[in-house]
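Chemist: With the input below, show me the fold.
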Amino acid sequence: MNRATPRLLQAVRHESVESRIVPSLERRRLRAYILMLLVDAALFNISFALAGAIWEGEWAESRAMITAQAMLPIYFTLALYNETYGVHALGNWVFAARKALIALALSAGLVNFVAFYTKSNEDFSRGVVTLGLLLTALLLTVSRRMIGMLVDRRWQGRVTNRLVIDDGGSGFLFDGADSIAAADYNLDPTSHDPFMLDRLGKLLRNQDQVVVSCPRERREDWAFLLKCAGVYGEIVSEPAHSLGAVGVHRYDELDRTAGGLHRAAGPARAHPEAHVRCRGGGPFPAGAFAAAAGGGAAHQAGRWRAGAVRAAPSGPGEPVLRHDQVPLDAA
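Modeler: Numbers count the residues shown, from 1 in each chain. So this is what the prediction gives:
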């Protein structure tokens with residue numbers, strides 16, 4: 001009566017899954033974004049206050065501060081749209097500095113455009129504005145470098161949780177990602193065992209990106225699981241790289257997908273980065289290059305349709321094809 005069933009014994013043997021659950025990094029990223037916003041606002045005002053002191057001989061000269069206050073909201077609007085405050089900006093300070101400088105230049109141009117048409121150029125000192133922009137650009141670049149160093153020191157450069165699941169596919173070395181073998185946790189995408197699904201759910205909890213390397217015949221099964229897991233997933237695919245595909249076109253009326261090839265303008269060579277787009281509803285047809293995650297719960301999987309697919313180089317010789325799911329309600 002009290003004898004443990006084989007499934008319960010198997011679940012006990014895989015208790016190590018609990019130790020592989022990673023904490024969520026979402027709050028960590030939000031705190032970093034808020035810090036960057038506050039630092040940028042302070043640097044704007046300090047730069048133009050210092051420019052007024054240098055050019056006009058008065059700290060925080062009124063025209064200099066009016067310029068800063070007029071430019072700051074526009075800068076924030078542009079910066080929020082061009083990924084100045086994003087995951088990539090936390091992991092790459094050069095990218096963050098470049099995006100911040102682009103937003104600064106565009107905001108300066110828009111302020112000058114509005115001032116020209118409202119005939120309020122006399123309210124701005126060209127010397128103060130020029131000096132203030134140069135100081136702001138310098139301080140923004142320095143701040144991004146310091147934030148990058150702080151992220152590396154406090155968080156070891158880890159701003160996203162990434163997981164690679166090896167299910168008998170080709171080797172996939174993903175920098176900064178945890179790697180597990182599906183066999184170690186008895187993960188079988190063709191199984192409907194609730195204990196296996198529970199283990200998989202725990203392993204995928206709080207993951208920002210999941211990459212699965214598996215044989216071709218298991219990709220469709222893994223694609224279905226990832227779509228139902230509520231995580232952003234990718235499946236390694238070698239045919240796209242060997243074909244040199246740079247685009248995928250889906251023909252819904254024919255239920256077929258065709259891959260476009262790079263048109264050579266010189267010696268033939270593999271394109272370093274392929275971009276694949278797929279439109280239309282329904283599941284992936286057999287033989288499609290890739291499948292990926294982005295769906296909701298398992299019972300809502302039918303409410304998602306194929307969105308956009310793109311391929312990006314992921315290592316020596318293999319691209320990863322990505323599929324962004326789009327809800328039918330928003331279509």
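Chemist: is it fair to say Ile180 lies in a strand?
Modeler: Yes - using DSSP: H, G, I helix; E, B strand; the rest coil, the assignment for Ile180 is a strand.
Chemist: elements contacting the helix or strand encompassing Ile54?
Modeler: According to DSSP states H and E, Ile54 maps onto helix 26-55. Secondary-structure packing of helix 26-55 (3 or more CB pairs under 8 Å, 6 or more residues apart in numbering; DSSP states H and E): helix 62-81, helix 87-91, helix 126-155. (Each C-beta comes from the backbone N, C-alpha and C, glycine too.)
Chemist: pLDDT of that helix, averaged?
Modeler: For helix 26-55, mean pLDDT rounds to 93.
Chemist: what does stretch 206-222 give?
Modeler: Rounded mean pLDDT across stretch 206-222 is 89.
Chemist: where's that stretch relative to the chain centroid, distance-wise?
Modeler: 18 Å (CA atoms, centre = their mean, to the nearest Å).
Chemist: What of stretch 46-63?
Modeler: Worked out by CA atoms, centre = their mean, stretch 46-63 lies 39 Å from the chain centre.
Chemist: hang on, the earlier thing: could you say which one of the helices and strands packed on helix 26-55 comes nearest to Leu110?
Modeler: Nearest to Leu110, of all those, is helix 62-81, at 5.4 Å by CB to CB.
Chemist: Tell me which residues of that closest one come out buried.
Modeler: Buried residues in helix 62-81, counted by 16 or more other CB atoms under 10 Å: 63-65, 67-68, 70-72, 74-76, 78-79.
Chemist: Identify the farthest-apart pair in the residues you listed.
Modeler: Taking CB to CB as the measure, the buried residues of helix 62-81 have their most distant pair in Arg63 and Ala79, spaced 24.0 Å apart.
Chemist: before we move on, the earlier item: as TSV, the helices and strands packed on helix 26-55 with mean pLDDT and distance to Ser213 would be great.
Modeler: Shown next, in TSV, are these (pLDDT from 0 to 100; distance: least, CB to CB, whole Å):
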stretch	mean pLDDT	distance to Ser213
helix 62-81	92	35
helix 87-91	91	23
helix 126-155	93	27
